[in-house]
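Student: Take this sequence and fold it.
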Amino acid sequence: MKRSEVNEIIRESDAFIRSFGFVLPPFAYWTPAEMSARRGAIDGIVDARLGWDITDYGEGRFDEMGLFLFTTRNGRLSDLQGGGGMCYAEKIMISRQDQVSPMHRHIVKAEDIINRGGATLAIEMFESDPDGNIDEKAEVRVATDGIERRLAAGGVLHLAPGESVTLMPGNWHKFWGEGGDVLIGEVSTVNNDLTDNVFREPIGRFAEVDEDADPVHLLVSDYDKWLSKEGAGSA
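Tutor: Predicted coordinates for the structure are as follows:
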């Protein structure tokens, strides 16, 4: 993806989020220079990888296969492993009309996916077989707002605004906006996008960015390059 495209998606997405009365935290609007200048005080942001996240899964077809995300909070794996403390995470996402987030599952993370507004959120689902691969035959059982739903393998669940589904580790899923763009909430256990996503196809989690323009705001995938403590202030 070109940085100029990323910048425009950030602007459009912020406007879409605000149209539903949801406002991102103040650090969302810091420039790269401001983040670099504050580097000594923002370990909690950088280490938890809070912030903007725009991906085309390395395929260069964002309109067809992509997702906008902003991580607003993220806990500590040590707390999750210890069974107490900050064991949770939260994201706000946008799935555009017919824009697919490809089939994947998580190893550790359980998550509630919530339609916060807009069109219908469509989610195709499978269970895992004993080896963690897609089970093409097993019935899918998930909770939607606390009520069990059963789907045939590969069935599509449709969530209207206000509805949600709870996905457990091993639940394979892909999703898209149906009939328009969808604002999505995600409430989950601790999130690690570097190691906890297993995709059906051999694709990447993050976009490769062509720096054709200066970044308006940094993506979480920019932090290692722009905000390493050794290099802070020099990017």
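
Student: Surely residue 10 and residue 52 touch.
Tutor: Yes: with contact defined as C-beta atoms under 8 Å, residue 10 reaches residue 52; the gap is 6.1 Å. (Each C-beta comes from the backbone N, C-alpha and C, glycine too.)

Student: Which one of those two is surrounded by more residues?
Tutor: Of the pair residue 10 and residue 52, residue 52 is the one with more neighbours under other C-beta atoms under 10 Å, namely 23 against 19.

Student: what comes into contact with the helix or strand harbouring that one?
Tutor: According to DSSP states H and E, residue 52 maps onto strand 51-55. With contacts defined as C-beta atoms under 8 Å, 6 or more residues apart in numbering, strand 51-55 is touched by 1, 6, 9-10, 13, 27-28, 45, 62, 66-71, 193, 205-207, 217-221, 223.

Student: Need the overlap of contacts for residue 10 and residue 52.
Tutor: residue 217.

Student: Residue 78: neighbouring residues, count only.
Tutor: When counting by other C-beta under 10 Å, one arrives at 11 neighbours for residue 78.

Student: tell me which residues in the helix or strand hosting it are buried?
Tutor: Using DSSP H and E, residue 78 sits in helix 77-82. Within helix 77-82, the residues that count as buried by 16 or more other C-beta atoms under 10 Å are 77, 80.

Student: Is the residue nearest to residue 166 when sequence neighbours are not counted in a helix, a strand, or coil?
Tutor: If the residues on either side of it in the chain are set aside, residue 166 comes closest to residue 143, at 4.4 Å by C-beta to C-beta, 6 or more residues apart in numbering. With DSSP: H, G, I helix; E, B strand; the rest coil as the basis, residue 143 sits in strand.

Student: what helices or strands is the helix or strand in which residue 165 is found leaning on?
Tutor: Residue 165 is located in strand 164-167, with elements delineated by DSSP H and E. Counting contacts by 3 or more C-beta pairs under 8 Å, 6 or more residues apart in numbering; DSSP states H and E, strand 164-167 packs against strand 111-128, strand 140-144.

Student: Mind checking what helix or strand follows that strand in sequence?
Tutor: strand 172-189.

Student: and the angle from that following strand to strand 140-144?
Tutor: Put simply, strand 172-189 runs at 40 degrees to strand 140-144, going by axes from the mean of the first three to the mean of the last three C-alpha atoms, to 10 degrees.

Student: Next, the angle strand 111-128 makes with strand 172-189.
Tutor: 140 degrees.

Student: Return strand 172-189 as CSV; C-alpha atoms alone will do.
Tutor: Taking C-alpha atoms only, strand 172-189 is exported to CSV below (Å, rounded to 0.1, in the frame of the first residue of the first chain):
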residue,chain,number,x,y,z
TRP,A,172,-12.2,-20.2,11.9
HIS,A,173,-13.9,-17.1,10.5
LYS,A,174,-13.8,-14.6,7.7
PHE,A,175,-16.0,-11.5,7.5
TRP,A,176,-17.1,-8.6,5.3
GLY,A,177,-19.6,-5.8,5.2
GLU,A,178,-22.9,-6.7,3.5
GLY,A,179,-25.0,-4.0,2.0
GLY,A,180,-22.6,-1.2,3.1
ASP,A,181,-19.7,-0.4,5.5
VAL,A,182,-19.8,-1.7,9.1
LEU,A,183,-18.3,-0.3,12.3
ILE,A,184,-17.1,-3.3,14.4
GLY,A,185,-16.1,-3.5,18.0
GLU,A,186,-13.8,-6.2,19.3
VAL,A,187,-13.5,-7.1,23.0
SER,A,188,-11.1,-9.9,23.6
THR,A,189,-8.5,-11.5,25.7
